[in-house]
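Trainee: show me how the following folds:
(4 chains)
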There are 2 protein chains.
Amino acid sequence: MPSKVDPQPQGKVTSLEVAALAGVSRSAVSRVFTPGASVSEKTAEKVRRAAETLGYRPNVLARSLLTGRSRMIGLVVAYLDNHFYPGALEKLSNALQAQGYHVLIFMTGQSDRDLDSVAEEILDYQVDGLILASVAMTSGLAARCRAMGVPVVLFNRRQKEAGELAVVSDNYGGGRMVAKHLAAIGCTRIGHIAGWEGASTQRDREAGFLDGLRAAGLSLHAREVGDFRPETAQEAARAMFGGADRPDGVFVANDFMAFMVMDVLRHELGLRIPDDVAVASFDDVPTASWPTYDLTSVRQNADAMVAATAQILIGSIEDQPVAVLEPVQVELVLRGSTRR
Amino acid sequence: MPSKVDPQPQGKVTSLEVAALAGVSRSAVSRVFTPGASVSEKTAEKVRRAAETLGYRPNVLARSLLTGRSRMIGLVVAYLDNHFYPGALEKLSNALQAQGYHVLIFMTGQSDRDLDSVAEEILDYQVDGLILASVAMTSGLAARCRAMGVPVVLFNRRQKEAGELAVVSDNYGGGRMVAKHLAAIGCTRIGHIAGWEGASTQRDREAGFLDGLRAAGLSLHAREVGDFRPETAQEAARAMFGGADRPDGVFVANDFMAFMVMDVLRHELGLRIPDDVAVASFDDVPTASWPTYDLTSVRQNADAMVAATAQILIGSIEDQPVAVLEPVQVELVLRGSTRR
DNA sequence: GTGAAAGCGCTAACAC
DNA sequence: GTGTTAGCGCTTTCAC
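Mentor: Numbers count the residues shown, from 1 in each chain, chains lettered A, B, ... in the order given. All right, here's what the predicted structure looks like:
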């Protein structure tokens, strides 16, 4: 007792079956699903109808074998706990989806071994391009992918070696703004809690910050390293503010650490923000604007960074000329943590 | 002037070239890269060496055309701002990677139209399985994928219709625990700020909570809807606590809303937590344990949820029997927000 | 504009 | 254990 034809049938449907139903050749079907191919509107209509009833859609993987393009972008990311990255990932995925690409995720530890094995996996999947975010780039991952003809873009990291495409904010400028602002509100003993010193973002932010202090006739009063991790930042805050002669202002290298620093200042040490200590930071993730933190922070323009990343990557995939990259502009968002 | 042979050459290398260099057939090469195929150690060694020098790795996409398995798992997710999801995504990706699968991300809005077009894209990529997280399941996405033979697992959501595999916490039990605890510390006027009412998590948490209140001889004193969004939760908190006869305890349906509620309570309304109002919530994301919030919350065991998800999904992909799912156990983590 | 034929890189019977 | 053959589902010359 055969059942009626199902409008959305089980299993896979091939272009050949569609061709048969539409009474045309496999090539005709292919053309209908290839933008810019030459088909008469009449056949196109027949094919579309047949495809519809059969529930046919072209197999992207089979297509990629022919075209050499998988329409997948690899995204390598080490952690997602700093809220800046999930936000960026969301935007990135949306931007790429809008252009017909999709994101294949590779999580990685920071060890060389990890990165090398990840490199192999990435290449196995024939991704058209690669985005490296929040990754320590000690290994040759980028170089290896580049050598295999896969364009690579670094997100929120610069690389020492030339030749790597990288999208970064104006970290130097942002650091400078913070120094200027802290000086302007009357801080004189200014500290810095650094992130991971291997990161270009850290180096750039600190360089700008120090130059900014200098320009204001000040010098760094205290410095600790927080490695971009809240636990380490907690220790750093205790060390910096536990003794006498504590700073009256501090630049924490990112929001994620700054929240923890503020908690230590207020809840462990009983200091008032901004009265006893002014706190400023970098990223301006959503939490920074919550009433509890109300944190002055340098806003990274994630939308612009993502747009630049997508444009550059897709540009190099599709062999379009890629303009030289300027750092993305930042903006100091003033809030209660530095209001005096 | 030809350059020396590059140990890691440009461009793609095929199995045929490896076969030639190793002096064997293409099949032999294939077998070496297929776990459990029968090859002599001698040939295997020759092939491995040839592959090494040529920088060869099998093309996963080409393989998938033959095997019908892409070793990709689609992950559909609507937003990443609730910190529970990035954490889960990270763990999920790691767990699947460990089993040789990789995650292809699909971001989606909540509209039906979005979900339908996403369904097509997912199927186009021939994913072996699908995970649906933080998605309103009004559309036939799951059904459509299931019909095409793609196993689907719902993460942190149940579906009304039977037949959908779903991994959830014991939301009912967690809600009950909260009620019991609030009653135990002496709250008598207890409110609830609900999440999005279309979500099974919300319904289950609230059902458990109400039953728990009843068991303690109490009834709900106030109720507002926060839709799982901080802005809406902010309004809800104002409505609930702005007037007279305010609650002395409140269960907020997840941490993400609870942080905002606490901010309103303390900074807008000048209430003390827990003295004036005890606050408890659900998820136990990392921020809940920060000193500022120190929030009593029902801990979702993300590791267990992820492990279950991976196991079930891979099980149904590889046609192994899948055991019936029990909700994942939860645990009430007591902190300062309810300490009296 | 349309169909026939070739082949992307690989695996899986099937003989040997 | 190993090579030969066929083909996964699709796009793309190439004739017509």
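Trainee: next, name the residue at the spatial heart of chain A.
Mentor: A:Ala88 (4.5 Å; CA atoms, centre = their mean).
Trainee: that one: what's it in contact with?
Mentor: Each residue near A:Ala88 by CB atoms under 8 Å, 6 or more residues apart in numbering or on different chains is listed here: A:133, A:155-156, A:302, A:305-306. The way it works is simple: take the backbone N, C-alpha and C, and place the C-beta from them, glycine included.
Trainee: and for A:Arg158?
Mentor: A:164, A:166, A:168, A:200-201, A:204.
Trainee: please apply the same query to A:Gln99.
Mentor: A:310, A:314.
Trainee: residues near A:Glu326, how many?
Mentor: Close neighbours of A:Glu326, defined as other CB atoms under 10 Å in any protein chain shown, add up to 9.
Trainee: same check on A:Gly109?
Mentor: 14.
Trainee: my guess is it meets A:Tyr79, correct?
Mentor: No: judged on CB atoms under 8 Å, A:Gly109 makes no contact with A:Tyr79 at a distance of 9.2 Å.
Trainee: hmm, back to that, what about the residue nearest to the centre of chain A, distance to A:Thr309?
Mentor: Computed as CB to CB, to the nearest Å, the A:Ala88 to A:Thr309 distance reads 9 Å.
Trainee: please apply the same query to A:Gln300.
Mentor: From A:Gln300 to A:Thr309 the distance is 13 Å (CB to CB).
Trainee: sec struct for A:Leu220, please.
Mentor: coil (DSSP: H, G, I helix; E, B strand; the rest coil).
Trainee: enumerate every residue touching it.
Mentor: A:Leu220 neighbours (CB under 8 Å, 6+ apart): A:190-192, A:210, A:213.
Trainee: out of those residues, which sit inside strands?
Mentor: A:190-192 (DSSP state E).
Trainee: of those residues, which is the most crowded?
Mentor: A:His192 (27 neighbours).
Trainee: show me what contacts that one?
Mentor: Counted by CB under 8 Å, 6+ apart, A:His192 has contacts A:206, A:209, A:220, A:222-224, A:250-253.
Trainee: looking at those residues, spot the one nearest A:Ser64.
Mentor: A:Ala253 (41.2 Å; CB to CB).
Trainee: doesn't A:Ile193 make contact with that closest one?
Mentor: Yes: in this structure, A:Ala253 is within contact of A:Ile193 by CB under 8 Å, at 6.4 Å.
Trainee: roughly how far is stretch A:105-114 from the heart of the chain?
Mentor: 16 Å (CA atoms, centre = their mean, to the nearest Å).
Trainee: quote the end-to-end distance of that stretch.
Mentor: End-to-end distance for stretch A:105-114: 14 Å, by CA to CA, to the nearest Å.
Trainee: ditto for stretch A:293-305
Mentor: 25 Å.
Trainee: and it, which residues are buried?
Mentor: A:293-302, A:305 (16 or more other CB atoms under 10 Å in any protein chain shown).
Trainee: pLDDT on it, on average?
Mentor: Mean pLDDT, stretch A:293-305: 98.
Trainee: and A:Leu75, that one's in a strand?
Mentor: Yes: judged by three-state DSSP, A:Leu75 forms part of a strand.
Trainee: right, and it touches A:His102 too?
Mentor: No: between A:Leu75 and A:His102 there is no contact under CB under 8 Å: 10.2 Å.
Trainee: strands along the stretch 201-340 of chain A, start to end?
Mentor: A:222-225, A:249-252, A:278-283, A:296-299, A:331-333 (DSSP state E, counting those that start in this stretch).
Trainee: pull up the pairing partners for the longest one, direction included.
Mentor: Put plainly, it is strand A:278-283. Within its sheet, and counting by DSSP bridges, strand A:278-283 is paired with strand A:249-252 (parallel), strand A:296-299 (parallel).
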